[in-house]
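Participant: have a look at this prediction, sequence included:
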Amino acid sequence: MKYFLRLLVFSFSLFPLAAQSLQHIENLHQNDPVYQQLMQDIMENYKRFAVGKKPLSLNLFTYRTKKHDTLYSVAARLNLPYDTIATLNSIASPSLFPRGDLIYLPNMSGIATRSDENDPFLSSLEDRLKQENSFGLEIPGPTGERIAANFYPAHKFTSAERTTFLSSFLLPPLRGMKHVITSPFGRRGNPFKSGHWEIHTGIDYRAPMRSAVHAARFGQVIRVGNHPILGTHIIIRHEKRYETVYGHLSRTLVNQGDRVSNGQVIAESGNTGRSTGPHLHFEVRKDGMPINPLPFLRRKN
(Lines give C-alpha, C1' and ligand atoms only; values in the text may rest on other atoms or scores of the structure.)
Protein backbone atom coordinates (compact mmCIF):
# COMPACT_ATOMS: atom_id res chain seq x y z
CA MET A 1 0.00 0.00 0.00
CA LYS A 2 2.81 2.41 0.81
CA TYR A 3 4.39 1.74 -2.60
CA PHE A 4 1.02 2.26 -4.25
CA LEU A 5 0.64 5.67 -2.65
CA ARG A 6 4.05 6.78 -3.83
CA LEU A 7 3.29 5.62 -7.35
CA LEU A 8 0.34 7.99 -7.34
CA VAL A 9 2.45 11.07 -6.65
CA PHE A 10 2.34 12.08 -10.27
CA SER A 11 -1.20 10.92 -10.99
CA PHE A 12 -2.97 12.83 -8.20
CA SER A 13 -3.83 16.44 -8.85
CA LEU A 14 -4.71 19.13 -6.36
CA PHE A 15 -8.44 19.13 -5.83
CA PRO A 16 -9.59 22.51 -4.52
CA LEU A 17 -12.99 22.52 -2.84
CA ALA A 18 -13.39 26.27 -2.65
CA ALA A 19 -15.80 26.46 -5.58
CA GLN A 20 -17.71 23.29 -4.76
CA SER A 21 -21.06 23.27 -2.99
CA LEU A 22 -20.95 20.66 -0.25
CA GLN A 23 -23.83 18.22 -0.05
CA HIS A 24 -25.46 17.93 3.37
CA ILE A 25 -26.41 14.68 5.09
CA GLU A 26 -29.42 14.99 7.37
CA ASN A 27 -29.21 11.52 8.90
CA LEU A 28 -26.60 8.76 8.86
CA HIS A 29 -29.20 6.27 7.69
CA GLN A 30 -29.97 4.39 4.50
CA ASN A 31 -33.15 6.44 4.10
CA ASP A 32 -31.02 9.52 3.45
CA PRO A 33 -30.06 9.56 -0.27
CA VAL A 34 -26.99 11.75 0.33
CA TYR A 35 -25.75 9.31 2.99
CA GLN A 36 -26.24 6.48 0.48
CA GLN A 37 -24.18 8.37 -2.09
CA LEU A 38 -21.36 8.97 0.39
CA MET A 39 -21.31 5.31 1.41
CA GLN A 40 -21.11 4.22 -2.22
CA ASP A 41 -18.10 6.48 -2.77
CA ILE A 42 -16.38 5.26 0.41
CA MET A 43 -16.81 1.60 -0.54
CA GLU A 44 -15.66 2.26 -4.11
CA ASN A 45 -12.51 3.93 -2.83
CA TYR A 46 -11.76 1.01 -0.50
CA LYS A 47 -11.95 -1.28 -3.54
CA ARG A 48 -9.62 0.99 -5.49
CA PHE A 49 -7.11 1.19 -2.65
CA ALA A 50 -7.11 -2.61 -2.41
CA VAL A 51 -6.06 -3.10 -6.05
CA GLY A 52 -3.80 -0.07 -6.38
CA LYS A 53 -6.10 2.05 -8.52
CA LYS A 54 -6.39 5.80 -8.34
CA PRO A 55 -9.23 6.82 -5.96
CA LEU A 56 -12.20 8.92 -6.93
CA SER A 57 -11.85 12.68 -6.65
CA LEU A 58 -11.99 13.87 -3.07
CA ASN A 59 -15.40 15.19 -2.05
CA LEU A 60 -16.57 16.52 1.29
CA PHE A 61 -20.04 16.22 2.75
CA THR A 62 -21.47 18.08 5.75
CA TYR A 63 -23.37 16.64 8.70
CA ARG A 64 -24.74 18.30 11.84
CA THR A 65 -24.04 15.99 14.76
CA LYS A 66 -26.86 14.83 17.00
CA LYS A 67 -26.97 14.69 20.79
CA HIS A 68 -26.34 10.93 20.88
CA ASP A 69 -23.49 10.96 18.35
CA THR A 70 -19.89 10.20 19.31
CA LEU A 71 -16.74 10.14 17.23
CA TYR A 72 -16.83 6.35 17.33
CA SER A 73 -20.50 5.99 16.38
CA VAL A 74 -20.21 8.38 13.44
CA ALA A 75 -17.05 6.62 12.22
CA ALA A 76 -18.81 3.24 12.48
CA ARG A 77 -21.85 4.46 10.54
CA LEU A 78 -19.56 5.61 7.72
CA ASN A 79 -17.10 2.70 7.82
CA LEU A 80 -14.30 5.26 8.16
CA PRO A 81 -11.43 5.29 10.67
CA TYR A 82 -12.01 7.83 13.42
CA ASP A 83 -8.55 9.18 12.47
CA THR A 84 -10.09 10.53 9.28
CA ILE A 85 -12.98 12.39 10.91
CA ALA A 86 -10.84 13.68 13.78
CA THR A 87 -8.05 15.18 11.67
CA LEU A 88 -10.34 16.66 9.04
CA ASN A 89 -12.37 18.43 11.73
CA SER A 90 -9.48 19.32 14.06
CA ILE A 91 -10.72 17.12 16.90
CA ALA A 92 -7.71 16.56 19.18
CA SER A 93 -9.41 14.07 21.51
CA PRO A 94 -12.53 11.87 21.47
CA SER A 95 -13.84 13.87 24.43
CA LEU A 96 -13.89 16.99 22.21
CA PHE A 97 -16.25 15.55 19.62
CA PRO A 98 -18.71 18.38 18.89
CA ARG A 99 -22.44 17.85 19.36
CA GLY A 100 -24.89 19.99 17.45
CA ASP A 101 -22.13 21.38 15.24
CA LEU A 102 -21.45 20.99 11.54
CA ILE A 103 -18.64 18.56 10.68
CA TYR A 104 -17.07 17.54 7.37
CA LEU A 105 -17.03 13.97 6.09
CA PRO A 106 -14.84 12.81 3.17
CA ASN A 107 -15.62 10.11 0.64
CA MET A 108 -12.47 8.11 1.46
CA SER A 109 -10.29 7.14 4.39
CA GLY A 110 -7.16 9.13 5.14
CA ILE A 111 -5.60 11.77 7.34
CA ALA A 112 -6.00 15.51 6.93
CA THR A 113 -3.69 18.31 8.03
CA ARG A 114 -4.97 21.88 8.31
CA SER A 115 -3.21 25.23 8.07
CA ASP A 116 -5.20 26.59 11.06
CA GLU A 117 -4.24 23.73 13.38
CA ASN A 118 -2.74 24.80 16.72
CA ASP A 119 -2.84 21.51 18.59
CA PRO A 120 0.78 20.21 18.75
CA PHE A 121 -0.24 16.59 18.20
CA LEU A 122 -2.37 17.24 15.13
CA SER A 123 0.19 19.71 13.76
CA SER A 124 2.93 17.07 14.03
CA LEU A 125 1.16 14.86 11.50
CA GLU A 126 2.27 17.23 8.73
CA ASP A 127 5.95 16.48 9.41
CA ARG A 128 5.38 12.74 9.05
CA LEU A 129 3.23 12.93 5.93
CA LYS A 130 4.57 15.92 4.00
CA GLN A 131 6.56 13.74 1.57
CA GLU A 132 3.49 11.65 0.76
CA ASN A 133 0.98 12.37 -1.96
CA SER A 134 -2.07 14.40 -0.96
CA PHE A 135 -5.13 16.19 -2.25
CA GLY A 136 -5.00 19.93 -1.70
CA LEU A 137 -8.31 21.33 -0.50
CA GLU A 138 -9.99 24.26 1.17
CA ILE A 139 -12.36 23.85 4.09
CA PRO A 140 -14.97 26.53 4.81
CA GLY A 141 -14.27 28.13 8.19
CA PRO A 142 -16.86 29.20 10.79
CA THR A 143 -16.86 32.83 9.61
CA GLY A 144 -16.75 32.08 5.88
CA GLU A 145 -12.97 32.04 5.50
CA ARG A 146 -11.25 29.27 3.54
CA ILE A 147 -8.87 27.03 5.47
CA ALA A 148 -6.11 25.39 3.43
CA ALA A 149 -5.63 21.69 4.09
CA ASN A 150 -4.04 18.55 2.70
CA PHE A 151 -5.71 15.15 2.66
CA TYR A 152 -3.51 12.04 2.58
CA PRO A 153 -5.67 9.15 1.30
CA ALA A 154 -5.57 5.71 2.96
CA HIS A 155 -3.24 6.86 5.75
CA LYS A 156 -3.98 6.20 9.44
CA PHE A 157 -2.55 7.11 12.83
CA THR A 158 0.53 5.19 13.85
CA SER A 159 0.23 3.20 17.08
CA ALA A 160 2.05 5.98 18.97
CA GLU A 161 -0.22 8.65 17.48
CA ARG A 162 -3.29 6.60 18.38
CA THR A 163 -2.09 6.34 21.98
CA THR A 164 -1.61 10.11 22.13
CA PHE A 165 -5.03 10.77 20.60
CA LEU A 166 -6.80 8.45 23.05
CA SER A 167 -4.96 9.79 26.11
CA SER A 168 -7.48 12.61 26.67
CA PHE A 169 -7.51 16.36 26.29
CA LEU A 170 -6.16 17.44 29.69
CA LEU A 171 -3.26 16.37 31.89
CA PRO A 172 -3.81 16.06 35.65
CA PRO A 173 -3.04 19.35 37.43
CA LEU A 174 -1.21 17.50 40.23
CA ARG A 175 1.71 15.09 39.80
CA GLY A 176 3.57 12.59 41.93
CA MET A 177 0.69 11.88 44.28
CA LYS A 178 -2.50 9.87 44.39
CA HIS A 179 -5.37 11.87 42.94
CA VAL A 180 -7.96 11.94 45.70
CA ILE A 181 -11.11 13.91 44.85
CA THR A 182 -12.56 15.30 48.06
CA SER A 183 -15.51 17.05 46.40
CA PRO A 184 -16.86 16.12 42.94
CA PHE A 185 -18.47 18.28 40.29
CA GLY A 186 -22.17 19.04 40.68
CA ARG A 187 -24.67 19.36 43.49
CA ARG A 188 -23.26 19.11 47.00
CA GLY A 189 -23.93 20.23 50.54
CA ASN A 190 -22.61 23.67 51.37
CA PRO A 191 -19.60 23.06 53.66
CA PHE A 192 -20.22 26.36 55.46
CA LYS A 193 -24.03 26.16 55.83
CA SER A 194 -25.38 22.92 57.21
CA GLY A 195 -28.56 21.81 55.43
CA HIS A 196 -27.95 24.02 52.40
CA TRP A 197 -27.09 22.79 48.89
CA GLU A 198 -25.04 24.38 46.15
CA ILE A 199 -23.55 23.62 42.73
CA HIS A 200 -19.85 22.86 42.86
CA THR A 201 -18.42 24.11 39.57
CA GLY A 202 -15.27 21.97 39.58
CA ILE A 203 -13.56 19.16 41.44
CA ASP A 204 -11.46 19.47 44.58
CA TYR A 205 -8.22 17.49 44.87
CA ARG A 206 -6.56 16.70 48.17
CA ALA A 207 -3.22 18.54 48.07
CA PRO A 208 -0.77 19.41 50.85
CA MET A 209 0.19 23.05 51.16
CA ARG A 210 2.52 24.28 48.41
CA SER A 211 2.09 21.25 46.15
CA ALA A 212 3.16 22.01 42.58
CA VAL A 213 0.19 22.82 40.32
CA HIS A 214 0.65 22.04 36.62
CA ALA A 215 -1.08 23.49 33.56
CA ALA A 216 -3.48 20.84 32.32
CA ARG A 217 -2.89 21.93 28.73
CA PHE A 218 -0.98 24.53 26.76
CA GLY A 219 -2.67 27.89 26.44
CA GLN A 220 -2.63 31.53 27.49
CA VAL A 221 -3.06 32.82 31.04
CA ILE A 222 -6.03 35.18 30.95
CA ARG A 223 -6.36 35.87 34.67
CA VAL A 224 -4.19 35.79 37.79
CA GLY A 225 -6.12 37.24 40.69
CA ASN A 226 -8.08 36.91 43.91
CA HIS A 227 -11.71 36.05 44.48
CA PRO A 228 -13.81 35.70 47.67
CA ILE A 229 -14.56 32.04 46.87
CA LEU A 230 -11.73 30.88 44.61
CA GLY A 231 -9.10 32.78 46.54
CA THR A 232 -5.83 33.22 44.67
CA HIS A 233 -6.48 31.63 41.29
CA ILE A 234 -5.36 31.27 37.67
CA ILE A 235 -7.45 30.91 34.52
CA ILE A 236 -5.88 29.54 31.33
CA ARG A 237 -7.58 29.76 27.93
CA HIS A 238 -7.10 26.81 25.59
CA GLU A 239 -8.22 26.14 22.03
CA LYS A 240 -11.73 24.93 21.17
CA ARG A 241 -13.31 27.54 23.48
CA TYR A 242 -12.11 25.78 26.65
CA GLU A 243 -10.65 27.26 29.85
CA THR A 244 -9.20 25.69 32.99
CA VAL A 245 -9.34 27.26 36.46
CA TYR A 246 -6.98 26.58 39.38
CA GLY A 247 -8.20 27.88 42.75
CA HIS A 248 -7.26 28.29 46.43
CA LEU A 249 -3.58 28.75 45.52
CA SER A 250 -0.90 29.89 47.94
CA ARG A 251 1.44 31.21 45.24
CA THR A 252 1.28 31.90 41.51
CA LEU A 253 4.25 31.48 39.17
CA VAL A 254 2.85 32.96 35.95
CA ASN A 255 1.46 36.31 34.90
CA GLN A 256 -1.58 37.33 32.89
CA GLY A 257 -0.78 37.10 29.19
CA ASP A 258 1.88 34.37 29.58
CA ARG A 259 1.84 31.40 27.22
CA VAL A 260 2.19 28.12 29.10
CA SER A 261 3.06 24.62 27.90
CA ASN A 262 1.56 21.23 28.74
CA GLY A 263 2.39 20.30 32.31
CA GLN A 264 4.23 23.53 33.14
CA VAL A 265 4.29 24.35 36.87
CA ILE A 266 2.13 27.44 37.23
CA ALA A 267 1.44 27.70 40.96
CA GLU A 268 1.52 26.12 44.40
CA SER A 269 -1.62 24.85 46.08
CA GLY A 270 -2.95 26.47 49.21
CA ASN A 271 -5.93 27.39 51.38
CA THR A 272 -7.01 30.84 50.17
CA GLY A 273 -10.58 31.99 49.56
CA ARG A 274 -13.58 30.03 50.83
CA SER A 275 -11.79 26.85 51.84
CA THR A 276 -12.03 24.36 54.70
CA GLY A 277 -8.42 23.23 54.34
CA PRO A 278 -5.51 22.94 51.88
CA HIS A 279 -6.64 21.60 48.49
CA LEU A 280 -6.78 22.43 44.79
CA HIS A 281 -10.01 23.46 43.10
CA PHE A 282 -9.82 22.52 39.41
CA GLU A 283 -12.45 23.64 36.94
CA VAL A 284 -13.08 23.26 33.21
CA ARG A 285 -15.21 25.76 31.32
CA LYS A 286 -16.51 25.71 27.77
CA ASP A 287 -17.76 29.01 26.38
CA GLY A 288 -17.48 30.32 29.94
CA MET A 289 -19.77 27.67 31.46
CA PRO A 290 -18.42 25.11 33.98
CA ILE A 291 -18.59 21.46 32.88
CA ASN A 292 -17.53 18.21 34.52
CA PRO A 293 -13.72 17.94 34.18
CA LEU A 294 -13.47 14.16 34.58
CA PRO A 295 -14.27 13.15 30.96
CA PHE A 296 -11.43 15.39 29.77
CA LEU A 297 -8.72 14.24 32.17
CA ARG A 298 -6.03 11.70 31.44
CA ARG A 299 -6.29 8.90 33.94
CA LYS A 300 -2.52 8.36 34.30
CA ASN A 301 0.41 10.78 34.69
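Facilitator: Sure thing, it's come through. Keep in mind the model is a prediction, meaning the values are calculated, not measured.

Participant: specify the local secondary structure of the residue nearest the centre of the chain.
Facilitator: For the chain, Ala92 is the residue whose C-alpha lies nearest the centre (CA atoms, centre = their mean; 3.2 Å). Using DSSP: H, G, I helix; E, B strand; the rest coil, the structure places Ala92 in coil.

Participant: show me what contacts Ser183?
Facilitator: By CB atoms under 8 Å, 6 or more residues apart in numbering, the contact set of Ser183 is 200, 203-204. For glycine as for every other residue, the C-beta is placed from the backbone atoms N, C-alpha and C.

Participant: likewise for Arg128?
Facilitator: Applying CB under 8 Å, 6+ apart, the residues contacting Arg128 are Thr158.

Participant: for Pro120, same thing?
Facilitator: Neighbours of Pro120 in contact, by CB under 8 Å, 6+ apart: 218, 262.

Participant: mind doing that once more with 10 Å?
Facilitator: 92, 164, 218, 261-262 (CB atoms under 10 Å, 6 or more residues apart in numbering).

Participant: by neighbour count, which of the contacts of Ser183 wins?
Facilitator: Ranked by neighbour count (other CB atoms under 10 Å), the contacts of Ser183 have Asp204 at the top, with 24 neighbours.

Participant: helix or strand for that one, which one?
Facilitator: Using DSSP states H and E, Asp204 sits within strand 203-206.

Participant: next secondary structure after that strand?
Facilitator: strand 212-214.

Participant: tell me the strands beside that next one, with direction?
Facilitator: In the sheet, strand 212-214 lines up against strand 265-269 (antiparallel) (DSSP bridges).

Participant: which strands border the lengthiest strand in the chain, and is each parallel or antiparallel?
Facilitator: Criterion DSSP state E: the longest strand present in the chain is strand 242-252. Strand 242-252 sits in its sheet next to strand 232-237 (antiparallel), strand 265-269 (antiparallel), strand 279-286 (antiparallel), going by DSSP bridges.

Participant: so what's the gap between the shortest one and the chain middle?
Facilitator: In terms of CA atoms, centre = their mean, to the nearest Å, the centre of strand 265-269 is set 25 Å apart from its chain centre.

Participant: and the contacts of it?
Facilitator: By CB under 10 Å, 6+ apart, strand 265-269 touches 173-175, 205-216, 221, 224, 232-234, 236, 244, 246-254, 258, 260, 278-281.

Participant: could you turn the buried ones of those residues into a PyMOL selection?
Facilitator: Here is the PyMOL selection string for the buried members of those, based on 16 or more other CB atoms under 10 Å:
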select buried, resi 173+174+205+206+207+211+212+213+214+215+216+221+224+232+233+234+236+244+246+247+248+249+250+252+253+254+258+260+278+279+280+281
